[in-house]
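Colleague: turn this into a structure:
(2 chains)
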Amino acid sequence: SQTIHQWPATLVQPVGSPLSLECTVEGTSNPNLYWYRQAAGRGLQLLFYSVGIGQISSEVPQNLSASRPQDRQFILSSKKLLLSDSGFYLCAWSVPDTDTQYFGPGTRLTVL
Amino acid sequence: GQNIDQPTEMTATEGAIVQINCTYQTSGFNGLFWYQQHAGEAPTFLSYNVLDGLEEKGRFSSFLSRSKGYSYLLLKELQMKDSASYLCAVLADSWGKLQFGSGTQVVVTP
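Modeller: Here you go, the predicted model:
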């Protein structure tokens, strides 16, 4: 069966520091991968999606970037965090040509 | 623009039925999802409607009317564990990009 991992689970970082969040999927090949952010009391906002290694599409202009160095690995990064980057970051995967997305456990990021 | 609307909060009694409505206006439509999200946790998949009509899964049912841009999630025989946020999401294109509403917090009382 397929599983999705994210780490770390929680993170507290100072403004201006770098960020690296990792997501890996097991039990499937060539998944579509997605990064979402959920601000407190808000809906999920799609940040990036990827249909293959090295293929990244950005949905909103922001202080973040994403990379997919391996088939089942998706990384979210920032060079300098802003206060507004605080939130709950969720990685999701889907089987290509199917539509249901399954979410990882998430990383709660607090920028102080 | 893209707009997905659902009520902010609903309260119901254990054992009762609650219907959560979702209306949408999006540039494209390839299907509608409902997810459940408990506080502090990730969303979990509940249902997917791509054609008009009712889909039933145990205590949960979901309805879609594409012509009206409307869906609802019906929760029957409410249990305390059903207290959660319920997210309506529209698949607006063929790339698998979901657009989410802000969620409806359902509070189940004894």
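
Colleague: buried residues in the helix or strand where B:Gln105 lies?
Modeller: When secondary structure is defined using DSSP states H and E, the element that contains B:Gln105 is strand B:104-109. If you call a residue buried by 16 or more other Cβ atoms under 10 Å in any protein chain shown, then strand B:104-109 has these buried ones: B:104-106, B:108. For every residue, glycine as well, the C-beta is placed using N, CA and C.

Colleague: how about residues contacting that strand?
Modeller: Residues lying outside strand B:104-109 but in contact with it, judged by Cβ atoms under 8 Å, 6 or more residues apart in numbering or on different chains, are B:6-14, B:18, B:20, B:75, B:78-80, B:82-88.

Colleague: of those residues, grab the buried ones for PyMOL.
Modeller: For selection in PyMOL, the members of the contacts of strand B:104-109 meeting the burial criterion (16+ other Cβ under 10 Å) are listed in this command:
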select buried, chain B and resi 6+10+12+18+20+75+78+82+83+84+85+86+87+88
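
Colleague: so which of the contacts of strand B:104-109 also contact chain A?
Modeller: Contacts with chain A are made by B:Leu87 out of the contacts of strand B:104-109, judged by Cβ under 8 Å from any Cβ of the partner chain.

Colleague: looking at the contacts of strand B:104-109, which are in helices?
Modeller: Within those, membership in helices is found for no residue, as judged by DSSP state H.

Colleague: helices and strands around the helix or strand of chain B with the lowest mean pLDDT, which ones?
Modeller: Here the helix or strand of chain B ranked lowest by mean pLDDT, DSSP states H and E is strand B:98-100, holding a mean of 91. Applying 3 or more Cβ pairs under 8 Å, 6 or more residues apart in numbering or on different chains; DSSP states H and E, one finds that strand B:98-100 contacts strand A:44-52, strand B:84-91.

Colleague: most tightly packed of these?
Modeller: Using mean count of other Cβ atoms under 10 Å in any protein chain shown, the stretch among these with the greatest mean number of neighbours is strand B:84-91 (a mean of 24).

Colleague: who touches that one?
Modeller: With Cβ under 8 Å, 6+ apart as the test, strand B:84-91 has contacts from A:43-44, A:99, B:2, B:4, B:6, B:20, B:22, B:24, B:26, B:29-39, B:43, B:46, B:71, B:73, B:97-101, B:103-106.

Colleague: now the residues you listed: which count as buried?
Modeller: A:43-44, A:99, B:4, B:6, B:20, B:22, B:24, B:26, B:29-37, B:43, B:46, B:71, B:73, B:97-101, B:103-106.
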